[in-house]
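[1] Here is my input; please provide its structure:
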Amino acid sequence: MRRYMCLMLLVVLSLLFSACAPATPQVIEKIVEKPVVQTVIVEKEKQVEKQVVQTVVVEKEKVVEKVVQPTVQGLWYDPGDVGVSWVHICPDVPPVYGGTIVSISSSGPPRGQQTWYDYDHDRYIFSSLIDQELSPDYKIYYRGDLAESWKTSTDGKIVTFTLRKGVKFHDGSVMTADDVKTSFEVVLHPELAFGQRRLAFRYLEGFDKYDGKTVKEISGIKVVDPNTIQFTFTQWHYQITPSFIYVPIHPKKVFEGKTAAEWLKLDQAVSKPIGTGPFKWEKYVPGQYYSVVANTDYYNGRPYLDRIIFRLQTGGNLASASVWLAALEAGEIQIGGTITGKDRERAAANKDLVLIGGPMDSLWGWNYNLKRPAMQDKRVRQAMLYALDLPTTLAAVWGAEASVFNPKQYDPAGDFFPADTPTYPYDVKKAKQLLADAKWNPNNKLTLITYYTRPTDLQMFQVFQQYWAEVGIQVEIVPLDGPAHGERVKKGDWDLTYAGGLGTPRSYVSFGCDVTDVTVNSSGYCNKDVDAWVAAANTEPDAAKRKELYNKAAKVMMDELPGTAMFQMTRVIPANKSVCNWRYYQYADWIDWQPETWYLAPQAKK
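    The predicted structure follows:
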């Protein structure tokens, strides 16, 4: 259930920023100790098609007591969602079944090394054991997806999931705990090197010994019975629960008798995926579109829509926002892509469209290539920040769409950033002095590569070039498409690479000394003290001690700058107002979009 992230990502810090940015998202997972425990599933209300979970007593175990926001009787929507920027509610139009939505897709189905196995952001085809939702006050709630319930041992090292009974894959076969176990062992296979290996799963018992050949199973993943699976970790980790979001569940039978190398070539990997999600794969026309159709056997009820068609942007005739915006205005498509600048203003002025989204919880900036001699002195890296007048630049280029990173505004409690976290306000004199101290050669020519080639991005880079030139730093901006950018990163032929997605503590693994994959730790940064502090913080249950360890790591990294987080974006997508209950928010590694609840107002049905 979710394209994984993209999972690219990056810095030890829960670095979010901006005056308009929300505070650090609070995770609501209330752990209680009670003398007894038993989990009960309450009948779902027919009008809202939502599962409500309650928890009552179990013996001497910690149980996840999920906080549930009940839906008002008789309504087909949650009143709390009305007015929320990332949900489009149609309070006057009850849900109806049927219809097709055409949506812009910024990329096609997985290709190359990217597969459906790690395409965990997909909300349509796949389901995971659990998922997450965001409340209007930016609190993250975990809820069962394929898991009916789960419980955690007192020491936090054993997590036991009870699966929903009778859940079917799209081919009609029934999902069991064996399918779940195999799905985890596929994405955690060392030969595939997917991003999930860098999550809390690296603390599973038997993870280090698992090679898929002589040791073909992870001993810490145990099938208790067809509807129960247990995960045993060598130590507690604060990211154990959310890590389970990132593994889409596949049918075991497609992998049996095949090697890891063969897995990458299967239809399941690249062309005809089978999941348990609300929509089933239908068709893929390269360079044009792919489509999914309603899964009538979906465990939480048939989706309202019949079909979703994803028109491809990359390399196609809809690559330009101005082109697909015209198609959106003409009613040829119903959901657009991310939009900025004048195009955003144009969409906002259209009475038939609505902009959905909000402030991203990740930062935008660049990584420095520390393997390049010109980038190895931290004073040069610091000078490049002092040289930029970010408030003026962002206001001129992005307007209200971006704001400067301010750790105190994002993290007022100082859970990650201490009060004396280094910052880099505009200071030309300071920048020049640092360059002089570093004996900077003004004849050096740096290369900044980027796969963000929107007019607003390129305009911003041109302004940066001018600021850097004023202090004696020459920078060439090289826009590239995604594949070319990836190849350039691997070759190391660059000094800076610009990207989004920088910024959450779970992403620190992208900078660890043991992360040698240049597509992950592109900077090549290694500080063993930082590694030790973060590793200790991740497994420290005492909040005060964990805060102290994160503070140490954050302060050092903000001084050494393996990468820099400059600003936070507000990302929105325009859609036709006839698309009801549609939601989009690139926050907390993507909140569930719940596509099974989307519907078209009757007059717009196709």
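[2] Near residue 166, how many other residues are there?
    Around residue 166 sit 10 other residues, with neighbours defined as other C-beta atoms under 10 Å. (Glycine included, C-beta is placed from N, CA and C.)
[3] which residues of the stretch 351-500 of the chain score low on pLDDT?
    409-410, 500 (pLDDT under 70).
[4] can you check the chain too?
    Judged by pLDDT under 70, the stretches of the chain that qualify are 1-74, 106-114, 118-121, 313-319, 409-410, 500-511, 587-592, 604-606.
[5] which residues in it form helices?
    Taking DSSP state H, the helices of the chain run over residues 177-187, 240-243, 260-263, 267-270, 321-329, 341-348, 378-386, 390-397, 407-410, 428-437, 455-470, 482-491, 528-538, 543-560.
[6] These into JSON lines, with extra columns for distance to residue 355?
    Output for the helices of the chain, formatted as JSON lines (distance: least, C-beta to C-beta, whole Å):
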{"stretch": "helix 177-187", "distance to residue 355": "35"}
{"stretch": "helix 240-243", "distance to residue 355": "28"}
{"stretch": "helix 260-263", "distance to residue 355": "40"}
{"stretch": "helix 267-270", "distance to residue 355": "34"}
{"stretch": "helix 321-329", "distance to residue 355": "12"}
{"stretch": "helix 341-348", "distance to residue 355": "6"}
{"stretch": "helix 378-386", "distance to residue 355": "31"}
{"stretch": "helix 390-397", "distance to residue 355": "19"}
{"stretch": "helix 407-410", "distance to residue 355": "23"}
{"stretch": "helix 428-437", "distance to residue 355": "37"}
{"stretch": "helix 455-470", "distance to residue 355": "16"}
{"stretch": "helix 482-491", "distance to residue 355": "25"}
{"stretch": "helix 528-538", "distance to residue 355": "37"}
{"stretch": "helix 543-560", "distance to residue 355": "33"}
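[7] Centre of the chain to stretch 332-344, how far?
    How far stretch 332-344 lies from its chain's middle: 21 Å, per C-alpha atoms, centre = their mean, to the nearest Å.
[8] can you pull the contacts of residue 305?
    Going by C-beta atoms under 8 Å, 6 or more residues apart in numbering, residue 305 touches 98-101, 294, 595, 598-600.
[9] Report the two of these separated the most.
    Greatest spatial distance in the contacts of residue 305: 98 and 595, 14.9 Å, computed using C-beta to C-beta.
[10] Settle it for me: which of these two has more neighbours?
    residue 595 (24 against 14).
[11] Quick check, the more buried one in contact with residue 295.
    No. Using C-beta atoms under 8 Å, residue 595 is not in contact with residue 295; the gap is 10.6 Å.
[12] ok, now which ones touch residue 187?
    Counting by C-beta under 8 Å, 6+ apart, residue 187 makes contact with 117-118, 194, 196-197, 247.
[13] nearest to residue 531, of these?
    The shortest approach to residue 531 among the contacts of residue 187 belongs to residue 197, at 16.7 Å (C-beta to C-beta).
[14] can you list residues touching both of residue 595 and residue 295?
    278-279, 303.
[15] want to throw these into JSON lines with distance to residue 209 and neighbour count?
    Converted to JSON lines, the shared contacts of residue 595 and residue 295 look like this (distance: C-beta to C-beta, whole Å; neighbours: other C-beta atoms under 10 Å):
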{"residue": "278", "distance to residue 209": "37", "neighbour count": "28"}
{"residue": "279", "distance to residue 209": "38", "neighbour count": "25"}
{"residue": "303", "distance to residue 209": "42", "neighbour count": "26"}
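[16] nearest to residue 122, of these?
    Residue 122 lies nearest to residue 279 out of the shared contacts of residue 595 and residue 295, by C-beta to C-beta, at 9.4 Å.
[17] I figured the closest one was touching residue 594, is that so?
    No. With contact defined as C-beta under 8 Å, residue 279 does not count as touching residue 594 (11.9 Å).
[18] List the contacts of residue 223.
    Shown in contact with residue 223 (C-beta under 8 Å, 6+ apart): 177-178, 181, 229.
[19] Now the buried members of the contacts of residue 187.
    Listed as buried from the contacts of residue 187 are 117-118, 194, 196-197, 247; burial here means 16 or more other C-beta atoms under 10 Å.
[20] Enumerate the positions of stretch 558-577 that are buried.
    Neighbour counts over stretch 558-577 (16+ other C-beta under 10 Å) mark 558, 560-577 as buried.
[21] want to try TSV for the buried ones among the contacts of residue 187, with distance to residue 419 as columns?
    Below are the buried ones among the contacts of residue 187 laid out as TSV (distance: C-beta to C-beta, whole Å):
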residue	distance to residue 419
117	43
118	39
194	38
196	35
197	35
247	38
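[22] Which one of the residues you listed is nearest to residue 78?
    Distances from residue 78 to the buried ones among the contacts of residue 187, taken by C-beta to C-beta, are shortest for residue 247, at 27.5 Å.
[23] okay but that closest one is in contact with residue 129, surely?
    Yes. Counting by C-beta under 8 Å, residue 129 is a contact partner of residue 247 at 7.3 Å.
[24] quick one: the closest residue to residue 266 other than its chain neighbours from residue 211, how far?
    Among residues not flanking residue 266 along the chain, residue 254 sits closest, at 6.1 Å (C-beta to C-beta, 6 or more residues apart in numbering). Relative to residue 211, residue 254 is positioned 21 Å away (C-beta to C-beta, to the nearest Å).
[25] Return the residues in contact with residue 228.
    160-163, 177 are the contacts of residue 228 under C-beta under 8 Å, 6+ apart.
[26] and if we set it to 10 Å?
    160-163, 176-177, 180, 222 (C-beta atoms under 10 Å, 6 or more residues apart in numbering).
[27] same question, residue 219
    204-207, 209-210, 232.
[28] can you tell which of the helices of the chain is closest to residue 309?
    helix 321-329 (12.4 Å).
[29] Could you list every helix and strand in contact with that closest one?
    With contacts taken as 3 or more C-beta pairs under 10 Å, 6 or more residues apart in numbering; DSSP states H and E, helix 321-329 sits against strand 100-105, helix 341-348, strand 353-368, strand 563-576.
[30] Alpha carbons only: can I get that helix in PDB?
    What follows is helix 321-329, C-alpha atoms only, in PDB (Å, rounded to 0.1, in the frame of the first residue of the first chain):
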ATOM      1  CA  ALA A 321       1.700  21.200 -15.600                       C
ATOM      2  CA  SER A 322       0.200  23.900 -17.900                       C
ATOM      3  CA  VAL A 323      -0.800  21.100 -20.300                       C
ATOM      4  CA  TRP A 324      -2.500  18.700 -17.800                       C
ATOM      5  CA  LEU A 325      -4.100  21.700 -16.000                       C
ATOM      6  CA  ALA A 326      -5.900  22.500 -19.300                       C
ATOM      7  CA  ALA A 327      -7.100  18.900 -19.400                       C
ATOM      8  CA  LEU A 328      -8.300  19.200 -15.800                       C
ATOM      9  CA  GLU A 329     -10.100  22.400 -16.600                       C
END
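[31] between it and strand 563-576, how many degrees?
    Put simply, helix 321-329 runs at 30 degrees to strand 563-576, going by axes from the mean of the first three to the mean of the last three C-alpha atoms, to 10 degrees.
[32] Hey, what's the angle from helix 321-329 to helix 455-470? Just curious.
    Orientation note: helix 321-329 sits at an angle of 160 degrees relative to helix 455-470 (the same axes, to 10 degrees).
[33] if we can go back for a sec, counting neighbours, which of the contacts of residue 223 comes out on top?
    Sorting the contacts of residue 223 by how many neighbours each has (other C-beta under 10 Å) puts residue 229 first, at 25 neighbours.
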